[in-house]
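S.K.: compute the structure for the input listed below.
(one chain, ligands or ions: 1)
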Amino acid sequence: MPVNLPADQYFALIAPACVILLGGVLLACWWVQRNQTRARFLLWMAAGYVLPALALGAQSLMTNAQLGRWSLATAVLYLAGAWGLAQGMALRCGQAHINRWVGGLAVVGTLAVLYYFSYVDDDLWARVQWLNVGVGVLQFLPTHSLLRGPRARDRLETALRWTYFFFASYTLLRPLGVWLVVPVEHVGELTRSGYWLLTLAGTLLFTLWFSLVLLACVVRDVFTTLREERNRDPLTRLLNRRAFMEAAEGVLNDRRVAPWAVVAGDIDHFKRVNDSWGHACGDQVLQSVSQVMLQQVRAGDLVSRFGGEEFVLLLQRASLDDAEGVVERIRQQMASPQGPCLPNGQQVTLSFGIAPVHSLLHLTKALSRADALLYEAKQAGRNRVHVDRLLPPSVLNDFQALKR
Ligand SMILES: Nc1nc2c(ncn2[C@@H]2O[C@H](COP(=O)(O)OP(=O)(O)OP(=O)(O)O)[C@@H](O)[C@H]2O)c(=O)[nH]1
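M.R.: Prediction:
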């Protein structure tokens, strides 16, 4: 490769260098979250940045003759990069992988055509156009999951998907634009042509735009993970006590979802489960009880693990009868085997205390009341529900006023 190149050719290295730098940033983001499987898409994306940028950088220093000689090697880098970008986007949208058959076909087909236009009929522009088509097809593969997969959870995610979709469409349609606009026969050295500059500028612009949206999504993901770690019990993924109290504020400040009931539940003789079948089995039972509770409540209700084998629920739009109904459903569900570790016929039961909550200020009292009722239920023989049906007259008046 010649060393004494015109300065503008070295200048053309700025774009690929910036893209490689951005790929490095994505790699660093992946490294920070590497223990989380959902961050794996960043690795693919980083490859999607770095590999084509390496090819672009190398090509920027080549003459047309050298472009021909190295066409297959650089094409492999472009295609691998497009695969990485597509696979990264598919993972981000909840798809395990892109369609490998179509992808493989696009790669093999493109390389075969490039071979023909390099070694049989040396045609630079045909190579440029067909490589574009191959890369475009690969980039388009995850668009099915962009449009049909799980809905984007917010505007940022929607912006990421649309940006990707726009770029994939641009890559796929670019050969057509070039064919219509660029006066092919007067191009001369490709890497010094206006087309090449446009390619560099387009790549850099898109990469910057896409990276900004992507990094915003990654930062948001990190904050979400941190919040989840802070708010969730690691074993059951239910809210912990602190998060429950925080979330309860929102629920109890919204009069539209009154009346509320608080339920305290505790597994009976849980120590025996641990002692007889091991701590791991106890953990399984805790997880299974959590699942049962989550299945039986409505959206907006809070389910939390206060510690040990004690659970607290805050039910909205629930009279005491409604709350009792929910608890009965949980008890019925518990009648089926909970956790494969328990021997046949062994069941786990729970005791419950239910108390009404009249306001946010009343929450602490209601929790103590539900706890006291739970204690009573344990004393009365366990596997039962005790409900606080005694309402002070002032509160009864409040309720009647509310109902009106
Ligand atoms: N496996 C497991 N056990 C836990 C966990 N947290 C607390 N425990 C156990 O839960 C048991 C609670 O025992 P106790 O407070 O005596 O209650 P109990 O045996 O359920 O008896 P009653 O509540 O009176 O019916 C203890 O043995 C704790 O070690 C946990 O995360 N996993």
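S.K.: list the contacts for the residue in the stretch 201-350 of the chain that the ligand sits nearest to?
M.R.: Evaluated by Cβ to the nearest ligand atom, the stretch 201-350 of the chain has G282 as its residue closest to the ligand, separated by 2.6 Å. For the C-beta atoms, the positions are set from N, CA and C on the backbone; glycine is no exception. G282 makes contact with F270, V273, N274, according to Cβ atoms under 8 Å, 6 or more residues apart in numbering.
S.K.: just checking, it is part of a helix?
M.R.: Yes. Membership of G282 in a helix is supported by DSSP: H, G, I helix; E, B strand; the rest coil.
S.K.: separation between it and L173?
M.R.: Separation of G282 from L173 (Cβ to Cβ, to the nearest Å): 60 Å.
S.K.: would you map out the domains in this structure?
M.R.: 7-231, 241-403 (automatic domain parsing).
S.K.: any chance of these in TSV, with mean pLDDT too?
M.R.: Listed next are these as TSV, based on pLDDT from 0 to 100:
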stretch	mean pLDDT
domain 7-231	87
domain 241-403	89
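S.K.: just say helix, strand or coil for S304.
M.R.: Going by three-state DSSP: S304 is strand.
S.K.: tell me, how many residues neighbour it?
M.R.: 26 (other Cβ atoms under 10 Å).
S.K.: list the contacts for it?
M.R.: D233, L238, L239, N240, R241, A243, F244, F311, V312, L313.
S.K.: beta partners of it?
M.R.: L239, V312 (DSSP bridges).
S.K.: that one and R230: what is the separation?
M.R.: In terms of Cβ to Cβ, S304 sits 14 Å off from R230.
S.K.: need the overlap of contacts for the two.
M.R.: Counting by Cβ under 8 Å, 6+ apart, the residues touching both S304 and R230 are A243.
S.K.: near the ligand, which residues of the stretch 201-350 of the chain?
M.R.: 235, 266-271, 274, 279, 282-283, 286, 308-309 (Cβ under 6 Å from any ligand atom).
S.K.: swap in 5 Å and give it another go.
M.R.: Residues of the stretch 201-350 of the chain lying close to the ligand by Cβ under 5 Å from any ligand atom are D268, H269, F270, K271, N274, H279, G282, D283, G308, E309.
S.K.: isn't the first one up against R384?
M.R.: No. With contact defined as Cβ atoms under 8 Å, D268 does not count as touching R384 (9.6 Å).
S.K.: assign a three-state SS to V262, would you?
M.R.: strand.
S.K.: number of nearby residues for it?
M.R.: V262, neighbours per other Cβ under 10 Å, totals 28.
S.K.: and L214, by the same measure?
M.R.: 27.
S.K.: ok, now which ones touch it?
M.R.: L26, M45, L160.
S.K.: which strands and helices sit next to the helix or strand encompassing the second one?
M.R.: The one in question is M45. Applying DSSP states H and E as the criterion places M45 in helix 41-60. Here helix 41-60 touches helix 14-32, helix 71-92, helix 194-231, going by 3 or more Cβ pairs under 8 Å, 6 or more residues apart in numbering; DSSP states H and E.
S.K.: what's next to the shortest one, contact-wise?
M.R.: So that's helix 14-32. 39-40, 42-43, 45-50, 52-54, 56-57, 60, 200-201, 203-204, 207-208, 211, 214-215, 218, 222.
S.K.: wait, L91 touches L42, no?
M.R.: No. Using Cβ under 8 Å, L91 makes no contact with L42, being 9.2 Å away.
S.K.: turn the contacts of G282 into CSV, including neighbour count.
M.R.: Below are these laid out as CSV (neighbours: other Cβ atoms under 10 Å):
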residue, neighbour count
F270, 18
V273, 25
N274, 16
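S.K.: contacting residues around stretch 129-139?
M.R.: By Cβ under 8 Å, 6+ apart, stretch 129-139 touches 52, 75, 78-79, 81-83, 85-86, 98, 102-103, 106-107, 109-110, 113-114, 117, 167-168, 171-175, 178-179.
S.K.: please apply the same query to stretch 193-204.
M.R.: Under Cβ under 8 Å, 6+ apart, the answer for stretch 193-204 is 12, 15-16, 18-19, 52, 56, 60, 128, 170, 174, 178, 182, 187, 190.
S.K.: next: stretch 119-128.
M.R.: By Cβ under 8 Å, 6+ apart, stretch 119-128 touches 64, 67-68, 71, 75, 113-114, 117-118, 175, 178, 184, 187, 190, 195.
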